[in-house]
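>>> Sequence plus the predicted model coming up.
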Amino acid sequence: MGTGQQDSSPFHLIVIGSGPAGWGAAVAAAGLGARVALIERGTVGGDGFLSCAVAYQWFRAALLKPWPAPNAGPSATPRHTDFARICRESRQAQAQIASRHRPDQLSATQVELIRGEARFVDERTLVVANRSLQISRAVIASGSRNRIPELSGLRAEHYIFPEQIVELDSLPERVGVVGAGSRGVEVAQCFARLGSKVTLYERNPRILAGFPDEVASLLRRQLLSEGVELREDCRDEAVCDANAGVWIAGECATGRYRDAALKIVVTCGRIANTERLDLARAGIECADGIVDVGDRLRTTNRRVFAAGDVCALDRSVHGARAQARLVVANALFFGRERLSNLHVPRCIHTDPGVALLGWSQAESARRSTTSLSLSEVDADLHGEHPDGYVSLACDQAGYVRGGVVVSRFAETLIGELELAVHHRLRLSSLTSTLHPYGSSAEAFRVAADRFRRSLLTPFTAAILKRVAKLKR
């Protein structure tokens, strides 16, 4: 196969993929005067925005239809929910987001949309739609797709992915959710609250592997209290057909199981879309499909960068957008922006919700931390979850380094903490920030006050006491 017709007018930037990272990089570069080619083989806008729309709508449905009581137990009955209405609203949200990423919106910019599948020919050339494009700078942002679990007997008609939930005609009576990461936990709780009998399967020893133990334990208790059955440390799993659905059989930490399911929802992570790009021809290294990048998101080909799901372990729309801005600065303007300087929150859209920033088991062991229940600032009187809390991590100099927020408004509250970490603010900045009475954000100020008191050494306390005496 030939390399196609040579393009006589080279682009300043070629972007492969129009998802959150690709769209963001293309529009940002064009807005700064660059001539940009945006290559897309499928739906313009990718599926990142659409799947997040479904997640938000389902989280909103769970929040508006809460469990009868925090400790009602598995025998409690969810409130009546109009499943068809929720699916309809989710589809409307998808359509609204899709309307913001239409091909015709690129016509007013210097972005040329090229339909087709891109592949590299050599280190400076790629071909798409019978056109050969010379690479000045390029960004690989081809995104990812859902990973299908290796279950014996599993066929395509047995399962759906989370973004396909809105296509269901009716609420399934029994649902099996395979994969207990953040998305799996979200889907399991939402189906349970809508009225399905839910079983959640995880091959790791516990749900939410990679999240702090206290977060996993809290959400585990919440799921169990709402009637979700947990199968952890699963192995030898198999799927077989039944008269009105399928059976999922295997062995887990509590013994053998054989569960009926009318519908299986697969939430087993994502696979990067890189296998058809011929990256090796361009001298671009990758491992298990993940593109190898440095701290400035440059690949092993100095002209090519990568952003989004193809190179990130933490896959999120807001993270991809941040990487897009970083790539444009480094690729076109000799920037020195670093991936390690990005502080990307991780969120779990459950009830209570969870948001983490700069937090891991290793980091929490190295830094001073403090926690505060949201009930201590009377936030529970204004609709907060009774188990909500905030945790702050701080170094010895008093700089805020991260934290955890467990709240019904976690994804909103974490922004204040991200601001403190990004701008290297001290605890004093949090203690001097005022919030309305009953606001969950007031917990940051109270927790920071408590943290500062804990850092007060006996020597400093003695000096302050003596100064206070002199002021009498």
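That came in fine, so what should we check first? On a predicted model such as this, the values are computed, not experimentally measured, just so you know.
>>> List the contacts of the one helix or strand residue 451 maps to.
Applying DSSP states H and E as the criterion places residue 451 in helix 442-454. For helix 442-454, the surrounding residues in contact (CB atoms under 8 Å, 6 or more residues apart in numbering) are 368, 370-372, 374, 376-377, 379, 389-392, 394, 398, 400, 413, 416-417, 427-428, 430-431, 433-436. Using the backbone N, CA and C atoms, a C-beta is placed for each residue, glycine as well.
>>> what pLDDT does the residue nearest the centre of the chain get?
Most central in the chain under CA atoms, centre = their mean is residue 316, positioned 3.7 Å from the mean C-alpha point. At residue 316, the model reports a pLDDT of 88.
>>> leaving aside the residues next to it on the chain, what's closest to it?
residue 344 (6.7 Å; CB to CB, 6 or more residues apart in numbering).
>>> quick one on the thing from earlier: what comes up buried for the helix holding residue 451?
Neighbour counts over helix 442-454 (16 or more other CB atoms under 10 Å) mark 442-452 as buried.
>>> State the mean pLDDT of that helix.
Mean pLDDT, taken over the full extent of helix 442-454, equals 88.
>>> Offset the numbering so it begins at 38, please.
Yep, numbering from 38; the last one is helix 479-491 now.
>>> What angle do helix 479-491 and whichever helix or strand comes after that helix make with each other?
Downstream of helix 479-491, the next assigned helix or strand under DSSP H and E is helix 495-507. Direction vectors for helix 495-507 and helix 479-491, defined by axes from the mean of the first three to the mean of the last three CA atoms, to 10 degrees, enclose an angle of 100 degrees.
>>> Verify the contact between residue 297 and residue 282 for me.
Yes - using CB atoms under 8 Å, residue 297 makes contact with residue 282 at a distance of 6.1 Å.
>>> Common neighbours of the two, please.
residue 211.
>>> Give me the distance from whichever strand or helix holds residue 259 to the chain's centre.
Element membership for residue 259 (DSSP H and E) is helix 250-262. Computed by CA atoms, centre = their mean, to the nearest Å, the chain-centroid distance of helix 250-262 equals 19 Å.
>>> Just checking: what are the partner strands of the helix or strand that that helix is followed by?
Next helix or strand after helix 250-262 toward the C-terminus (DSSP H and E): strand 266-268. When pairing is defined by DSSP bridges, strand 266-268 lines up against strand 234-238 (parallel).
>>> okay, the partner strand in CSV with CA atoms only?
Output of strand 234-238 as CSV, limited to C-alpha atoms (Å, rounded to 0.1, in the frame of the first residue of the first chain):
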residue,chain,number,x,y,z
LYS,A,234,-30.8,-7.2,42.9
VAL,A,235,-27.1,-6.6,42.4
THR,A,236,-24.0,-8.8,42.7
LEU,A,237,-20.6,-7.2,42.3
TYR,A,238,-17.6,-9.3,41.3
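>>> Give me the distance between the helix holding residue 488 and the centre of its chain.
The answer for helix 479-491 is 28 Å, by CA atoms, centre = their mean.
>>> From residue 157, how far off is residue 499?
Residue 499 is 68 Å from residue 157, where distance means CB to CB, to the nearest Å.
>>> Tell me which of those two has more neighbours.
Neighbour tally, residue 499 and residue 157, criterion other CB atoms under 10 Å: the higher count belongs to residue 157, 23 against 10.
>>> hang on, the more buried one in a helix?
No - going by DSSP: H, G, I helix; E, B strand; the rest coil, the assignment for residue 157 is strand, not a helix.
>>> That one and residue 314 touch, don't they?
Yes - in this structure, residue 157 is within contact of residue 314 by CB under 8 Å, at 6.1 Å.
>>> which SS state does residue 302 fall under?
With three-state DSSP as the criterion, residue 302 reads strand.
>>> State the distance from it to residue 294.
For residue 302, the distance to residue 294 - CB to CB - is 18 Å.
>>> Leaving out sequence neighbours, find the closest residue to residue 213.
Nearest non-adjacent residue to residue 213, counting by CB to CB, 6+ apart: residue 298, 3.7 Å away.
>>> Contact partners for that neighbour?
When contacts are counted by CB under 8 Å, 6+ apart, residue 298 touches 209, 211-213, 236, 282-285.
>>> Farthest-apart pair in those, please.
209 and 284 (14.6 Å; CB to CB).
>>> who's more crowded, those two?
Ranked by neighbour count (other CB under 10 Å), residue 209 and residue 284 place residue 209 first, with 23 against 16.
>>> Can you report phi and psi for the more buried one?
Dihedral angles of residue 209 (phi, psi; degrees, to the nearest 10) stand at phi -70, psi 140.
>>> before we move on, back to that, how about the secondary structure of the residue nearest to residue 353?
Judged by three-state DSSP, the three-state class of residue 381 is coil.
>>> any idea how far it is from residue 128?
When residue 381 is compared with residue 128 (using CB to CB), they lie 29 Å apart.
>>> One more: residue 426?
35 Å.
>>> between the two, which one's more packed in?
More crowded of residue 426 and residue 128, by other CB under 10 Å: residue 426, with 22 against 16.
>>> Run through the bridge partners of that one.
Residue 426 forms beta bridges with residue 410, residue 443, as assigned by DSSP bridges.
>>> cool, and residue 323?
Where residue 323 sits in a bridge, its partners, by DSSP bridges, are residue 328.
>>> okay, it: pLDDT?
For residue 323, pLDDT reads 95.
>>> pretty sure it contacts residue 329?
Yes - Residue 323 lies in contact with residue 329 (CB under 8 Å); the separation is 5.7 Å.
>>> The stretch 138-287 of the chain: strands as residue ranges?
148-152, 156-159, 162-165, 168-171, 175-177, 181-183, 196-197, 211-215, 234-238, 266-268, 272-279, 282-289 (DSSP state E, counting those that start in this stretch).
>>> Also the stretch 338-487 of the chain?
Using DSSP E, counting those that start in this stretch, strands in the stretch 338-487 of the chain cover 341-343, 383-385, 390-394, 405-410, 426-431, 437-444.
>>> Export these as JSON lines, with columns for mean pLDDT.
Below are the strands of the stretch 338-487 of the chain laid out as JSON lines (pLDDT from 0 to 100):
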{"stretch": "strand 341-343", "mean pLDDT": "98"}
{"stretch": "strand 383-385", "mean pLDDT": "93"}
{"stretch": "strand 390-394", "mean pLDDT": "95"}
{"stretch": "strand 405-410", "mean pLDDT": "88"}
{"stretch": "strand 426-431", "mean pLDDT": "93"}
{"stretch": "strand 437-444", "mean pLDDT": "94"}
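>>> could I get those strands as a markdown table with distance to residue 188?
Formatted as a markdown table, these follow (distance: least, CB to CB, whole Å):
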| stretch | distance to residue 188 |
| --- | --- |
| strand 341-343 | 31 |
| strand 383-385 | 25 |
| strand 390-394 | 28 |
| strand 405-410 | 39 |
| strand 426-431 | 37 |
| strand 437-444 | 32 |
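>>> Out of those strands, which gets nearest to residue 266?
strand 383-385 (19.5 Å).
>>> Name every strand pairing with the closest one and say which way it goes.
Counting by DSSP bridges, strand 383-385 is paired with strand 390-394 (antiparallel).
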